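Asker: Sharing a sequence plus its predicted fold:
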Amino acid sequence: MSSVAPDIAFSDLACSERELALFDAYCSAHPSLDERFLGRVARLDRGLPLVCFEKGTARAEHAASVIKSADSLACVGDWVVLACPEGHDRGLIEDILPRTETLVRTDPSERTGRQVLAANIDIVFLLHALSDERVNIRRLEREMVVAYNSGALPVVVLTKADLATHLSEDLEAVRRAVPGIEVIVESVYDGRGVEEISRLIAPTKTAVLLGRSGVGKSALTNALVGGDYQATGSVRASDNKGRHTTVSRDLFVVRGGGVVIDTPGIRAIALWDVDAGFDSAFPEIAARAAECRFSDCTHTDEPGCAVLEAVRLGQIERRRLESYRALRREVADNAARRAERARLDARRRGGTKASGNRNRNTKRRARREREELRQELDDYRLDDELHDGLS
Ligand SMILES: Nc1nc2c(ncn2[C@@H]2O[C@H](COP(=O)(O)OP(=O)(O)O)[C@@H](O)[C@H]2O)c(=O)[nH]1
Ligand SMILES: [Mg+2]
Ligand SMILES: [Zn+2]
């Protein structure tokens, strides 16, 4: 069972000179009579941030100016300027300080928008359970692209080592998929790997745990924090997958110092504009691609393709190239979808005045858009299942 996590002391929040300086600069530029604090978002509760600051934690609303100007609202890990106006029972987020590294995915509910999963992170731990039939390498490769793209350091954690049935084969396959990246074998039951993970976060880093529901994110969080604060899900016996459990908070202070962000089970991460992540996640392909005849070579069937040649020579795994191409295609499709949405939006804005049957057309359009959205969500689910099923 979970108990209530202790209040986070502000001094434990991994605040650096950078945030202090940004906070001071904001306050001098925007004089106010309200008392203001530097705070960090520990959780979102139906869009309402829970902010940790010097005096404890407070539910907070966004100031109108933030809603108007910010490119996205506050998310877990954000540093914010928190005002506590006289007579208000909630805090007010006056400003979201500029972010460093962020973990972003395509918003599953919109498909054309982006969703920030965590902000100001240094390390992304990618968790995969060794108790599963086999580690899903396809999914891992996708996560690597997202993690690299965030700018934070990716580290792979293979969880539930005490239940592993193919440890050496899994480890070997994972190492091949993430060249140059640290891979930690972990079990909260026998304690393997937990210290290693804790040392990477200490004393002032912020780490986020990423992985599908049931891999052991909350169990690891508890082990790192040294308590039983985050609810862990019971595993369905039939398929060894966890259930979603309710959580009280996402951001925790690690015993040896630093901060860990537990994310609720994320079934899939649809890629968002991730050009930067590809070369790092597929270094052997990037290295050869420089020698392709065409600079925009897709390594499919182009003449003079150095990557295909390397595959023929057995220097690059065919399976890796297939992953690479599938992920690239997904990004291109998403970009096309966004462009199409933008075009429709523009046409709608331009067409409102002229339309004679405006009401009927508006209703028809709304219905069509609802259907489109439903279709997209179905596609997304299918996509999820497909990617989860591949190994
Ligand atoms: N045997 C074993 N079980 C674990 C380990 N880590 C987590 N579990 C169990 O796996 C289930 C799901 O863990 P949880 O942390 O809730 O997963 P989350 O959904 O990723 O947060 C729980 O029943 C945990 O007790 C581990 O290292 N070994
Ligand atoms: Mg959990
Ligand atoms: Zn090529």
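Answerer: Arrived safely, thanks for sending. Ligands and ions are numbered 1, 2, ... in the order given.

Asker: ok, now how distant is the residue of the stretch 201-350 of the chain found nearest ligand 2 from Glu86?
Answerer: Nearest to ligand 2 in the stretch 201-350 of the chain, going by Cβ to the ion, is Ser218, at a distance of 3.3 Å. Every residue, glycine included, has its C-beta placed from N, CA and C. In this view, Ser218 and Glu86 are 39 Å apart by Cβ to Cβ, to the nearest Å.

Asker: Looking at those two, which is more packed in?
Answerer: Neighbours per residue (other Cβ atoms under 10 Å) separate Ser218 from Glu86, with Ser218 holding more: 26 against 7.

Asker: If you count neighbours, what's buried in the lengthiest helix in the chain?
Answerer: Longest helix in the chain, counting residues (DSSP state H): helix 318-351. Residues Arg320, Leu321, Ser323, Tyr324, Leu327, Arg328, Glu330, Val331, Asn334, Arg338, Arg341 are the ones in helix 318-351 that count as buried (16 or more other Cβ atoms under 10 Å).

Asker: mind listing what the strand or helix carrying Leu44 pairs with, with the direction of each?
Answerer: Element membership for Leu44, per DSSP states H and E: strand 36-45. If you go by DSSP bridges, strand 36-45 pairs up with strand 48-53 (antiparallel), strand 79-83 (antiparallel).

Asker: check which helix or strand covers the residue lying closest to the residue of the stretch 201-350 of the chain closest to ligand 2 once chain neighbours are set aside.
Answerer: Nearest residue to Ser218, sequence neighbours excluded (Cβ to Cβ, 6 or more residues apart in numbering): Gln230, at 4.0 Å. Taking DSSP H and E as the definition, one finds Gln230 inside no helix or strand.

Asker: try Val174
Answerer: Element membership for Val174, per DSSP H and E: helix 167-177.

Asker: Contacts for that helix next, please.
Answerer: 128, 130, 134-135, 137, 140-141, 144, 156, 158, 161, 164, 183, 185, 317, 320 (Cβ atoms under 8 Å, 6 or more residues apart in numbering).

Asker: try 10 Å this time
Answerer: 126, 128-130, 132, 134-135, 137-138, 140-141, 144, 156, 158, 161, 164, 166, 181, 183, 185, 281-282, 317, 319-320, 323, 391 (Cβ atoms under 10 Å, 6 or more residues apart in numbering).

Asker: Now a ChimeraX select for only the buried ones of the residues you listed.
Answerer: A single ChimeraX command suffices to select whichever of these are buried according to 16+ other Cβ under 10 Å:
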select :126,128,129,130,132,135,137,138,140,141,144,156,158,161,164,181,183,185,281,282,320,323
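
Asker: Which ones among the contacts of helix 167-177 lie within helices?
Answerer: Of the contacts of helix 167-177, the ones assigned to helices by DSSP H are Ile137, Arg138, Leu140, Glu141, Met144, Ala281, Arg319, Arg320, Ser323.

Asker: Touching, the second one and Val145? I think so.
Answerer: No: with contact defined as Cβ atoms under 10 Å, Arg138 does not reach Val145; the gap is 11.4 Å.

Asker: Now do the shared contacts for the two.
Answerer: By Cβ under 10 Å, 6+ apart, Arg138 and Val145 have these common neighbours: Ser323, Leu327.

Asker: my guess is the residue nearest to Ser218 contacts Val188, does it?
Answerer: No: contact criterion Cβ under 10 Å: Gln230 and Val188 do not qualify, at 11.5 Å.

Asker: shared neighbours of the two, anything?
Answerer: With contacts taken as Cβ under 10 Å, 6+ apart, Gln230 and Val188 have Ser218, Ala219, Leu220, Thr221, Asn222, Leu224 as neighbours in common.

Asker: Now intersect these with the strands, please.
Answerer: Among the shared contacts of Gln230 and Val188, none falls in strands (DSSP state E).

Asker: if we take these, which one ends up nearest to Thr300?
Answerer: Within the shared contacts of Gln230 and Val188, the smallest distance to Thr300 is 39.8 Å, found for Leu220 (Cβ to Cβ).

Asker: burial of that closest one, as a residue count?
Answerer: By the criterion of other Cβ under 10 Å, Leu220 has 27 neighbours.

Asker: Same question for Val157.
Answerer: As a burial measure, Val157 scores 26 neighbours (other Cβ under 10 Å).
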